[in-house]
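Asker: okay, here's the prediction I keep looking at, along with the sequence it came from:
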Amino acid sequence: MRHRALLASLAGLVVLLVAGCGGGTPTPTAPSSPPPSAALPPEPAPSPTRAVPPKPRLRPLPVKLPAGLIRTTGTDKVALTFDDGPDPAWTPKVLDRLKAAKVTATFCVVGRQVRKHPGLLRRIVREGHQLCNHSWNHDLDLARRPVSEIRADLVRTNREIRRAVPDAKVPFYRQPGGRWTAEVVKVAKQLDMRSLHWSVDPQDWAKPTAATIEKRVKRSARPGAVVLLHDGGGNRSATLAACTKLIAGLKRDHGVARLT
Ligand SMILES: [Zn+2]
């Protein structure tokens with residue numbers, strides 16, 4: 001009897017050992033194993049025998065800006081444009097400043113940001129501002145890509161805008177980085193968008209102080225200026241801090257109006 005009992009317990013021990021050696025579910029929290037992504041070897045280079053379609057070459061940027069860009073308002077009044085949002089940290093505050101100053105602006109929105117913050121887009125439209133398509137993902141080279149890719153990007157962005165605000169008007173397109181080509185202007189036109197450039201760029205994206213942003217705008221704003229500012233794409237505290245005085249100055253010197 002004792003002998004059989006000993007055998008049975010030995011058999012049980014073997015079963016336990018086997019199960020513990022990999023028969024069960026692996027524990028994801030094992031401290032010795034690195035996260036799966038870190039353990040992955042780098043992507044192997046494609047073998048020469050595999051048919052890899054060549055990446056389409058980017059068309060060169062023209063030396064001069066192409067024809068057909070809006071660079072001034074067409075009146076003596078100036079227009080404000082805010083790019084790269086909507087951004088939850090900065091767009092609401094910019095909207096507050098515009099509301100306090102009783103002016104409207106044009107927001108050049110990035111599709112991916114719209115997808116993340118549709119409520120902000122709704123607020124932009126509700127408060128009477130205009131919309132401008134600024135591409136899906138702020139692709140600086142978009143205008144240099146094949147026309148089919150340009151069109152797909154612009155269509156996708158407008159679709160996302162209209163998912164947030166059905167029937168939203170998107171009268172403008174602005175190429176990221178201002179790196180325009182005649183092709184992107186043409187595609188935008190086919191999609192009923194006019195290509196919106198600018199005439200005053202205080203380079204707020206490079207994070208100068210608020211005083212510098214204000215000074216640069218004041219110095220270069222002429223009647224009919226289109227002023228480029230940013231409410232997204234990074235810390236916009238200096239732009240925001242410049243807004244109140246900057247807008248008051250433009251209102252006093254020229255008047256601020258929406259683009260027509
Ligand atoms: Zn931009």
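Answerer: Arrived safely, thanks for sending.

Asker: next one: the nearest residue to residue 191 once chain neighbours are set aside from residue 139, what distance?
Answerer: In space, residue 191 comes closest to residue 154 once its chain neighbours are excluded; the distance is 5.7 Å by CB to CB, 6 or more residues apart in numbering. (C-beta placed from N, C-alpha, C; glycine too.) Between residue 154 and residue 139 the computed distance is 11 Å (CB to CB, to the nearest Å).

Asker: gap between the residue nearest to residue 191 and residue 258?
Answerer: Taking CB to CB, one finds residue 154 at 22 Å from residue 258.

Asker: re the thing from before, residue 154 and residue 139: who's more crowded?
Answerer: In this view residue 154 and residue 139 are compared by other CB atoms under 10 Å, and residue 154 has more residues nearby, 24 against 18.

Asker: can you tell if the helix or strand hosting the more buried one touches the ion?
Answerer: Using DSSP states H and E, residue 154 sits in helix 147-164. No - Helix 147-164 stays clear of the ion (CB under 5 Å from the ion), getting no nearer than 12.6 Å.

Asker: C-terminal to that helix, what's the next element?
Answerer: Under the assignment DSSP H and E, the closest C-terminal helix or strand after helix 147-164 is strand 172-173.

Asker: give the other helices and strands that the next helix or strand after that next one contacts.
Answerer: Downstream of strand 172-173, the next assigned helix or strand under DSSP H and E is helix 182-190. Under the contact criterion of 3 or more CB pairs under 8 Å, 6 or more residues apart in numbering; DSSP states H and E, helix 182-190 touches helix 147-164, strand 194-196.

Asker: most tightly packed of the ones you listed?
Answerer: strand 194-196 (a mean of 22; mean count of other CB atoms under 10 Å).
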